[in-house]
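Colleague: sequence and predicted structure below; questions after.
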Amino acid sequence: MVPYEGQSYSALRKQCRQDGRLFEDPLFPTSDRSLFYLRNTVGPVAWKRPQELSRNPRLFVDGISAHDLHQGQLGNCWFVAACSSLASRDALWQKVIPDWKDQEWDPERPESYAGIFHFRFWRFGQWVDVVIDDRLPTVNGELIYCHSNDPDEFWSALVEKAYAKMCGCYEALDGGNTADALVDFTGGVSEPMDLTEDGYKTDESQRNQLFERVLKVHNRGGLISCSIRVRMHNRPTTDLQQTHNRHTTD
């Protein structure tokens, strides 16, 4: 396990607890450079800690679910789809969100909370431990980017912040590939398939073979996601949104 930029979660949290302060990450500050490459595109941003947004903030509310997430203002449906896939497998999300019970808010011991979290991603052949503070970008008191259905739940927003830090800024997540995110979340190997270019649309035998392959992957516990591309002036005839990714379930 490699600490990202040399930041040790345990050492930083211990120091914050001793000092009686909440962590403020100097490597990913509450400034536009953590949000954008060049210029602000969303308006005045206020960075708020979860306890400023909720009376009872939690990492998870009633467990973790593939249906917890909303995308927000970034074009990162690929990342949200990967998070949904991650949430469907306990063994996988517990790698990305380590010792989650220890990281969870403890209302009986508020003094133990230090405003610091860590998450792990597979990067260039090794697991990287990324430390963040809990300050999240908001506009008009609402989270700008990825957030959960329940306003008290913050795991998705915090994972997204850690991933944005590793990638450079939030804008780096605007447009991407679900397969890449799944590799970063699992350390596994992805196999992209284009149903149009690979001939599945016109060849029934190809489609039958594809179904058998997908079924085999599913039965072995593999993660499967799909997306469609639609020209902006065309109206989709399915309930899949334009150029959006979806995690597939049973």
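Modeller: Structure's in. What do you need?

Colleague: low-scoring stretches of the chain, by residue?
Modeller: Within the chain, the segments meeting pLDDT under 70 span 230-250.

Colleague: domain ranges for it, per the record?
Modeller: Domain assignment of the chain by automatic domain parsing yields the ranges 2-186, 204-247.

Colleague: most packed of the ones you listed?
Modeller: When these are scored by mean count of other CB atoms under 10 Å, the highest mean neighbour count falls to domain 2-186 (a mean of 17). C-betas here are computed from N, CA, C, even on glycine.

Colleague: ok now that one, how far from the chain's centre?
Modeller: Centroid separation between domain 2-186 and its chain, computed with CA atoms, centre = their mean, to the nearest Å, is 7 Å.

Colleague: before we move on, what about stretch 182-196?
Modeller: 16 Å.

Colleague: quick one: contacts of it?
Modeller: For stretch 182-196, the external contacting residues (CB atoms under 8 Å, 6 or more residues apart in numbering) are 82, 85-86, 92, 95-96, 121-123, 127, 163, 177, 179-180, 200-201, 210, 223, 225.

Colleague: ok, stretch 107-119 next?
Modeller: 9, 12-13, 16-17, 20-24, 49, 56, 96-98, 103, 105-106, 129-135, 158-159, 162-163.

Colleague: on that earlier part again, of the contacts of stretch 182-196, which belong to strands?
Modeller: Among the contacts of stretch 182-196, the members falling in strands (DSSP state E) are 121, 122, 123, 127, 225.

Colleague: what's the local residue count around the spatially closest residue to the second one that is not a sequence neighbour?
Modeller: The reference is to residue 122. Nearest residue to residue 122, sequence neighbours excluded (CB to CB, 6 or more residues apart in numbering): residue 187, at 3.8 Å. Around residue 187 there are 16 other residues, counting by other CB atoms under 10 Å.

Colleague: measure residue 187 to residue 92 for me?
Modeller: Separation of residue 187 from residue 92 (CB to CB, to the nearest Å) stands at 10 Å.

Colleague: next: residue 43.
Modeller: 36 Å.

Colleague: do residue 145 as well
Modeller: For residue 145, the distance to residue 92 - CB to CB - is 22 Å.

Colleague: also residue 66?
Modeller: Residue 66 sits at a distance of 12 Å from residue 92 (criterion: CB to CB).

Colleague: before we move on, the earlier item: need the ones in strands among the contacts of stretch 182-196 in JSON lines (columns: distance to residue 115).
Modeller: Below are the ones in strands among the contacts of stretch 182-196 laid out as JSON lines (distance: CB to CB, whole Å):
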{"residue": "121", "distance to residue 115": "21"}
{"residue": "122", "distance to residue 115": "26"}
{"residue": "123", "distance to residue 115": "25"}
{"residue": "127", "distance to residue 115": "24"}
{"residue": "225", "distance to residue 115": "33"}
